[in-house]
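[1] turn this into a model:
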Amino acid sequence: MNLQSYFYNCSPDYIDSIDPSLQVHITSVINQLPKRQTQSEINSDLFWLLMSQGWNFDSIPAGGNEVPPTDLKVLIDTVEPRKINIRKLCRTSTTLQAKWHADFAKVFGSKLVQIEAQFSKVEAMFKDFCGFRIAYAERRLALGIEIILLEPVKYFAHRKASIGGMASFDVARETLTTIGLECPIWLVGIGE
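    Next up, the predicted model:
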């Protein structure tokens, strides 16, 4: 997979201050992603790859397999991670009545990092950014990571009719520079 980064209100040095291996860790996960035919397959792959690296999760992806796909080469006990999952780390807010969650979360030292994987409509991307903003305002979130496709039309060239209005890296970057959030967000674009 190709990977492109945009650092909004943060920098590679800032991310290294959270954990020196965090950038390499996320890049490694992205590099393990095989080309897939649907968004749900990408979500499932990210679930297994991140869960195998100790990330907590909000939910198992819809239509997700009970075991990781063999081509991911993920070796994990498929029951144990679910037992030790700390879903509350994915909470967007602990003070508001907003009851939504980030897709993944992990604590590095005392610093919370949340990940949103967005392979859906632009509107859902705005919700992700809002969630990062709320968690940051509550002084819980050190970094939000948004994983998004670089060029959905190119990646899903075989099904262009079904991906109209899908969020893309360029739209996400332009949105971040326009809406003026205070929170640090690492935008990670993936593509072929």
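
[2] show me what contacts Ile147?
    Neighbouring residues of Ile147 by Cβ atoms under 8 Å, 6 or more residues apart in numbering: 30, 46, 115-118, 188, 190. The way it works is simple: take the backbone N, C-alpha and C, and place the C-beta from them, glycine included.

[3] repeat that with 7 Å
    The neighbours of Ile147, taking Cβ atoms under 7 Å, 6 or more residues apart in numbering as the test, are 115, 117-118, 188, 190.

[4] what comes into contact with the longest helix along the chain?
    The single longest helix within the chain, with elements called by DSSP state H, is helix 122-137. Outside helix 122-137, the residues that touch it by Cβ under 7 Å, 6+ apart are 92-93, 96, 98, 100, 102, 114, 116, 118, 141, 144, 146, 165, 167, 171-172, 181-183, 185.

[5] filter those down to the buried ones and hand me the ChimeraX line.
    Applied in ChimeraX, the following selects the buried portion of these according to 16 or more other Cβ atoms under 10 Å:
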select :92,93,102,114,116,118,141,144,146,167,172,181,183,185
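
[6] average pLDDT for the longest helix of the chain, rounded please.
    Averaged over helix 122-137, pLDDT sits at 94.

[7] Lys83 - how many residues pack around it?
    7 (other Cβ atoms under 10 Å).

[8] equivalent analysis for Arg133, please.
    18.

[9] figure out how far the helix or strand following the longest helix of the chain is from the centre of its chain.
    On the C-terminal side of helix 122-137, the closest following helix or strand by DSSP states H and E is strand 141-149. Its chain's C-alpha centre and that of strand 141-149 lie 6 Å apart, by Cα atoms, centre = their mean, to the nearest Å.

[10] stretch 30-40 too?
    With Cα atoms, centre = their mean, you get 13 Å for stretch 30-40.

[11] could you list the low-pLDDT ranges of the chain?
    Within the chain, the ranges that satisfy pLDDT under 70 run 63-66, 75-82, 159-163.

[12] for it, which segments count as helices?
    12-18, 22-31, 39-51, 80-84, 122-137, 152-155, 169-179.

[13] before we move on, back to that, tabulate the contacts of Ile147 (a markdown table), appending distance to Ile26.
    Shown next, in a markdown table, are the contacts of Ile147 (distance: Cβ to Cβ, whole Å):
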| residue | distance to Ile26 |
| --- | --- |
| Ile115 | 8 |
| Ala117 | 11 |
| Gln118 | 15 |
| Val188 | 7 |
| Ile190 | 11 |
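
[14] ok, of these, which one's closest to Lys73?
    Using Cβ to Cβ, Ile190 is the member of those that sits closest to Lys73, with 18.5 Å.
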